[in-house]
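K.L.:
mind folding the following:
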Amino acid sequence: MIKIILRWLLARLFRVKLIGLENYRKAGPRVLIAANHSSYLDPILLWAFLPDDITFAINTHVAQHWWVRPALRYAKVFPMDPTQPLSVKALTQYLKEDLKAVIFPEGRITVTGALMKIYDGAGLIAEKSGATVLPIRIDGTQYTVFSRLHGVVRLRWFPPITLNILPPREVNPPSGLAGPARRHRVGLMLSDLMSEMMFETSNYRRTVFSALLDARRIHGGRHCVLEDVKRKPLTYDRLIAQSLALGRKLAEKTSEGEAVGLLLPNLNGTVAAFLGL
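P.N.:
As a prediction, this is how the structure comes out:
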């Protein structure tokens with residue numbers, strides 16, 4: 001009942017979209033769910049919106065926080081330190097019982113908005129346990145007040161959130177590798193998988209100017225985005241206005257399909273001219 005109520009509440013506050021649930025069903029009984037970690041909301045969202053009774057591999061230091069302890073009573077939790085071999089071995093044995101577990105391979109919440117370092121231990125768990133890796137991209141929580149991006153991006157209380165479940169994957173390193181080399185290789189494989197996940201779930205089929213407009217929508221028109229040696233910062237609104245003005249002027253002096261060279265100093269105006277073109 002608590003899970004149903006929480007799902008209803010989160011769906012309405014954050015307009016949560018769950019995409020790719022069919023991939024969850026394809027993953028099989030023994031699954032290591034690998035998700036990016038953007039905020040303290042991430043495990044709550046996965047617990048509320050994913051089917052089944054899933055175990056969460058949670059950092060031992062995070063599990064000790066007072067505000068985390070109440071949630072531990074309602075979800076299955078596997079406290080572990082991703083840097084400790086014994087923790088990796090214990091979770092590997094746990095998954096061999098045909099169970100599903102969520103792990104955040106970064107080991108901590110991002111402080112840049114992008115993926116942090118992916119620990120080799122997460123890939124080793126998937127390879128040693130024979131579990132299928134199910135990548136899940138959590139997008140939108142980085143803009144909530146529950147993230148660690150204060151001062152980096154514009155935060156708000158209820159931005160839209162998307163949970164994108166990608167097709168399941170296997171981690172199978174070459175048979176000739178052993179020891180540290182094998183561990184490092186499976187770590188790289190999981191890191192590549194996570195990077196591909198971020199790319200595939202991003203809106204990369206758009207123009208540069210469309211990306212600029214999307215950035216303004218996310219961060220706000222008054223957010224300072226550009227500054228040169230003259231120390232006169234440009235906000236998104238001013239940069240877009242300059243780009244549109246220069247674009248009209250450049251359109252008068254160029255023809256459709258013409259190759260245009262841009263040779264200007266390293267100043268704000270160069271960026272505006274480029275975007276105008």
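K.L.:
run the chain-centre distance for the longest helix along the chain.
P.N.:
Ranked by number of residues, the top helix in the chain under DSSP state H is helix 179-200. Offset of helix 179-200 from its chain centre (CA atoms, centre = their mean, to the nearest Å): 15 Å.
K.L.:
residues contacting the next helix or strand after that helix, please?
P.N.:
For helix 179-200, the succeeding helix or strand toward the C-terminus, using DSSP states H and E, is helix 208-219. With contacts defined as CB atoms under 8 Å, 6 or more residues apart in numbering, helix 208-219 is touched by 143, 153-154, 203, 206, 223, 225, 236-237, 239-240, 243, 275. All C-beta spots, glycine's among them, are computed from the backbone N, C-alpha and C.
K.L.:
now a ChimeraX select for only the buried ones of these.
P.N.:
Restricted to buried positions by 16 or more other CB atoms under 10 Å, the ChimeraX selection for these reads:
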select :143,153,225,236,239,240,243,275
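K.L.:
looking at the contacts of helix 208-219, which are in strands?
P.N.:
Judged by DSSP state E, strands contain the following of the contacts of helix 208-219: Val225.
K.L.:
which member of the contacts of helix 208-219 is positioned nearest Ala101?
P.N.:
Checking the contacts of helix 208-219 against Ala101 with CB to CB, the nearest one is Tyr143 at 27.3 Å.
K.L.:
what's around the residue nearest to that closest one when sequence neighbours are not counted, how many residues?
P.N.:
In this structure, Tyr143 finds its nearest non-sequential neighbour in Pro159, 4.3 Å apart by CB to CB, 6 or more residues apart in numbering. Pro159: 17 surrounding residues under other CB atoms under 10 Å.
K.L.:
could you check how far Pro159 is from Lys230?
P.N.:
34 Å (CB to CB, to the nearest Å).
K.L.:
quick check: Pro135 touching Val171?
P.N.:
No - the pair Pro135 / Val171 is not scored as a contact, 11.4 Å apart, by CB atoms under 8 Å.
K.L.:
count the residues that sit near His219.
P.N.:
Using other CB under 10 Å, His219 has 17 neighbouring residues.
K.L.:
so what's it scoring on pLDDT?
P.N.:
You'll see His219 listed with a pLDDT of 85.
K.L.:
cool, and Trp8?
P.N.:
Value for Trp8, per-residue pLDDT: 92.
K.L.:
cool, the one 10 residues further on as well?
P.N.:
Leu18 carries a pLDDT value of 94.
K.L.:
give me the three-state assignment for it.
P.N.:
What DSSP: H, G, I helix; E, B strand; the rest coil gives for Leu18 is strand.
K.L.:
next: Ile58.
P.N.:
strand.
K.L.:
which ones are touching it?
P.N.:
Counting by CB under 8 Å, 6+ apart, Ile58 makes contact with Pro43, Val68, Val77, Phe78, Pro79, Met80.
K.L.:
pick out the residue nearest the middle of this structure.
P.N.:
Residue closest to the average C-alpha location in the chain (CA atoms, centre = their mean): Asn36, at 4.5 Å.
K.L.:
residues contacting it?
P.N.:
With the criterion set at CB under 8 Å, 6+ apart, Asn36 makes contact with Asp42, Phe104, Glu106, Thr110, Leu115, Ile136, Arg137, Ile138, Met194, Met197, Met198.
K.L.:
what about Lys230, which helix or strand?
P.N.:
Using DSSP H and E, no helix or strand contains Lys230.
K.L.:
nearest residue to Asn172 other than its sequence neighbours?
P.N.:
Sequence neighbours aside, Glu127 is the residue nearest to Asn172 in space, at 7.4 Å (criterion: CB to CB, 6+ apart).
K.L.:
quick check, the one you found in a strand?
P.N.:
No - counting by three-state DSSP, Glu127 falls outside a strand, being helix.
K.L.:
ok, Lys26 - contacts?
P.N.:
Contacts of Lys26 by CB under 8 Å, 6+ apart are Pro167, Pro168.
K.L.:
helices of this structure, residue ranges please.
P.N.:
Using DSSP H, helices in the chain cover 2-14, 21-26, 42-49, 60-63, 85-95, 120-129, 179-200, 208-219, 236-253, 268-276.
K.L.:
and Ser147, which of the ones you listed is closest to it?
P.N.:
Of the helices of the chain, nearest to Ser147 by CB to CB is helix 42-49, at 9.5 Å.
K.L.:
thank you, goodbye.
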